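Q: this one's sequence-less:
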């Protein structure tokens with residue numbers, strides 16, 4: 001890097017639910033610019049995510065283009081293809097957002113997967129990079145992720161391993177500041193001194209008040225999960241939290257072997273989930289299948305399908321199935337507010353469906369965050385392998 005360059009980008013690199021938001025919030029308190037429009041706070045993160053919306057959207061689009069998304073436990077070093085087309089677009093975004101500032105920060109956990117794009121873009125623009133690596137115990141992340149997004153514990157552990165190994169591999173020759181979640185909450189002032197020295201910014205009075213110990217809600221628990229996976233994740237955690245070097249490629253091979261041989265992954269693949277993001281709903285039927293589950297489109301053939309609701313989610317599901325020539329298998333829409341037909345398909349209310357029509361149906365498709373009639377799920381007698389649509393609007 002050019003040492004005379006006055007621009008510096010601080011990238012907060014870490015797994016979801018690991019304190020990345022808190023660390024980035026502190027950077028803002030230090031006077032580090034984060035961009036024009038940040039994601040709003042919500043019940044999942046009461047003080048805010050401190051993520052620049054334009055970078056979040058960019059990362060989602062890149063992952064979608066790579067046939068992946070942020071919960072992909074199989075995303076790896078070789079998943080990023082045709083990197084230059086993403087780099088050029090990212091350079092344009094950086095120029096627009098940070099043209100007039102000398103130091104800025106970017107945070108989105110997805111960057112753990114996509115860091116090579118950011119590294120190459122910064123190099124192309126002559127911007128120095130500083131890496132801050134928040135790390136949190138895998139079991140606490142799993143508990144937090146379960147509360148926020150109903151992610152199974154084994155899935156969270158696998159994601160934790162994958163995110164952290166990729167982040168370490170990508171930044172293996174770079175200077176990093178590691179911050180454990182425990183230190184962030186309970187050794188806040190000492191942690192702030194370390195951040196201050198790392199980013200060369202003075203520590204002002206009152207910054208420590210930003211960290212609210214009451215928001216440390218997801219504590220370590222004894223989880224009933226695969227013991228080999230648990231021990232593997234904690235071995236990595238203890239090494240990272242003590243800033244020890246790890247043999248990344250060897251560990252990654254062990255990780256791949258671990259997820260391939262254990263039943264928790266096989267069970268996970270059997271869930272037949274589709275992913276529909278709220279952003280994608282606005283783009284007709286651009287829908288992302290979880291991992292490579294196109295094979296489950298074959299599963300849907302010859303099954304009689306009912307779609308719950310005719311809102312944006314229901315219409316997106318319909319368009320998706322139609323796109324794959326499966327609309328002939330859709331027999332009903334279930335909606336309590338609309339009558340008649342949609343695209344020639346009968347619309348029936350929940351009560352009528354439960355009493356008269358569910359025996360004709362093999363699978364009900366519904367959105368996890370849709371407002372369901374409370375009697376619907378408790379009275380469905382269709383086999384458990386029905387397909388469930390999830391709206392992934394969480395981060």
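A: Arrived safely. A quick note: this is a predicted structure, and the numbers were derived from the prediction, not measured.
Q: Could you give the average pLDDT over the longest strand along the chain?
A: Ordering each strand of the chain by length in residues (DSSP state E) puts strand 128-135 first. In this model, strand 128-135 has an average pLDDT of 97.
Q: just stretch 253-261 next, same as before
A: Across stretch 253-261, the average pLDDT comes to 87.
Q: From the chain's centre, how far out is that stretch? Work that out for me.
A: Using CA atoms, centre = their mean, to the nearest Å, the mean C-alpha position of stretch 253-261 is found 21 Å from that of the whole chain.
Q: Same check on stretch 206-215?
A: 25 Å.
Q: related to what we said a few turns ago, who's in contact with the longest strand of the chain?
A: Residues outside strand 128-135 that contact it (CB atoms under 8 Å, 6 or more residues apart in numbering): 1, 5, 7-14, 18-20, 22-23, 27, 118-119, 122, 164, 167, 171, 174-181, 184, 195, 198-199, 237, 240-241. Backbone N, C-alpha and C define where each C-beta goes, glycine included.
Q: now whatever helix or strand comes next after it against strand 128-135, angle please.
A: Moving toward the C-terminus from strand 128-135, the next helix or strand (DSSP states H and E) is helix 138-149. Going by axes from the mean of the first three to the mean of the last three CA atoms, to 10 degrees, helix 138-149 is angled at 90 degrees with respect to strand 128-135.
Q: what's the following helix or strand after helix 138-149?
A: Next in line after helix 138-149, if elements are assigned by DSSP H and E, sits helix 153-170.
Q: For that next one, name the packing helices and strands.
A: Using 3 or more CB pairs under 8 Å, 6 or more residues apart in numbering; DSSP states H and E, the elements in contact with helix 153-170 are helix 111-125, helix 138-149, helix 227-241, helix 248-261, helix 263-269.
Q: if you set the cut-off to 7 Å instead, what comes out?
A: In terms of contacts (3 or more CB pairs under 7 Å, 6 or more residues apart in numbering; DSSP states H and E), helix 153-170 is packed against helix 111-125, helix 138-149, helix 227-241, helix 248-261.
Q: could you dump the ones you listed to CSV with distance to residue 327 and mean neighbour count?
A: Shown next, in CSV, are these (distance: least, CB to CB, whole Å; neighbours: other CB atoms under 10 Å):
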stretch, distance to residue 327, mean neighbour count
helix 111-125, 34, 20
helix 138-149, 30, 22
helix 227-241, 40, 17
helix 248-261, 35, 15
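Q: would you list those in CSV and tack on distance to residue 155?
A: Converted to CSV, the helices and strands packed on helix 153-170 look like this (distance: least, CB to CB, whole Å):
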stretch, distance to residue 155
helix 111-125, 15
helix 138-149, 8
helix 227-241, 10
helix 248-261, 10
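Q: Domain map for the protein?
A: Under the assignment automatic domain parsing, the domains of the chain span 8-269, 273-391.
Q: right, so these: which one is the most enclosed?
A: domain 8-269 (a mean of 18; mean count of other CB atoms under 10 Å).
Q: residue ranges of the strands in the stretch 201-350 of the chain, please?
A: Per DSSP state E, counting those that start in this stretch, the stretch 201-350 of the chain carries strands over the ranges 273-276, 288-289, 305-308, 330-334, 340-342, 345-348.
Q: What strands flank the fourth one, and is each parallel or antiparallel?
A: If you go by DSSP bridges, strand 330-334 pairs up with strand 305-308 (parallel), strand 345-348 (parallel).
Q: Identify whichever of the helices and strands packed on helix 153-170 lies nearest to residue 216.
A: Proximity to residue 216 (CB to CB) singles out helix 138-149 among the helices and strands packed on helix 153-170, at 9.0 Å.
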